[in-house]
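> no sequence for this one, just the structure:
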């Protein structure tokens, strides 16, 4: 009887720990995927603004006021802002990623 209860307890513990590990993994992946899409959307919006106005937008309100994105599109899934900028030939956008610090290895970048 004790062996059966031990087996049941062990199985239950493994199931609980497995679910905990799975939930941590699955919550991170969808956020990253969502952030990649959002960063790409902002980079495309900057490109469209640039083509329409013959200049890079200088602030987020340029994109919002002209209907290229809504304000929520400029926020990543971790509550940080998505920044954008233009170089000579490309428009780029980036999220600081889960650590919320720009310039680290988990930044999410897009060019359009």
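Perfect, thanks for sending it. Because the structure is a prediction, the values reported are computed rather than measured. Residues are numbered from 1 along each chain as shown.
> Helices of the chain, residue ranges please.
Using DSSP state H, the helices of the chain run over 2-53, 60-65.
> per-residue confidence at residue 83?
Looking at residue 83, its pLDDT stands at 97.
> Quick one: residues contacting it.
Shown in contact with residue 83 (CB atoms under 8 Å, 6 or more residues apart in numbering): 93, 94, 102. For every residue, glycine as well, the C-beta is placed using N, CA and C.
> Start and end of stretch 93-102, how far apart?
The straight-line separation of the ends of stretch 93-102 (CA to CA, to the nearest Å) is 12 Å.
> Just the buried residues of it, please?
Under the neighbour-count criterion of 16 or more other CB atoms under 10 Å, stretch 93-102 has 93, 94, 95, 96, 97, 98 buried.
> Contacts for that stretch next, please.
28, 31-32, 35, 38-40, 42-43, 46, 76, 78-80, 82-84, 104, 106-110, 112.
> Any of those buried? List them.
Buried subset of these (neighbour count, 16+ other CB under 10 Å): 31-32, 35, 38-40, 42-43, 46, 76, 80, 82, 84, 108, 110, 112.
> Out of those residues, flag the one nearest to residue 69.
Minimum distance to residue 69 across these is 6.2 Å, recorded for residue 42 (CB to CB).
> Now do the contacts for that closest one.
By CB under 8 Å, 6+ apart, the contact set of residue 42 is 63, 69, 73, 74, 82, 84, 93, 110.
> could those go into JSON lines alongside distance to residue 57?
Below are these laid out as JSON lines (distance: CB to CB, whole Å):
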{"residue": "63", "distance to residue 57": "5"}
{"residue": "69", "distance to residue 57": "10"}
{"residue": "73", "distance to residue 57": "13"}
{"residue": "74", "distance to residue 57": "11"}
{"residue": "82", "distance to residue 57": "13"}
{"residue": "84", "distance to residue 57": "7"}
{"residue": "93", "distance to residue 57": "11"}
{"residue": "110", "distance to residue 57": "15"}
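> Sort out for me which of those are in strands.
Per DSSP state E, strands hold the following members of the contacts of residue 42: 84, 93, 110.
> May I see those organised as TSV, with distance to residue 59 added?
Formatted as TSV, the ones in strands among the contacts of residue 42 follow (distance: CB to CB, whole Å):
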residue	distance to residue 59
84	10
93	14
110	19
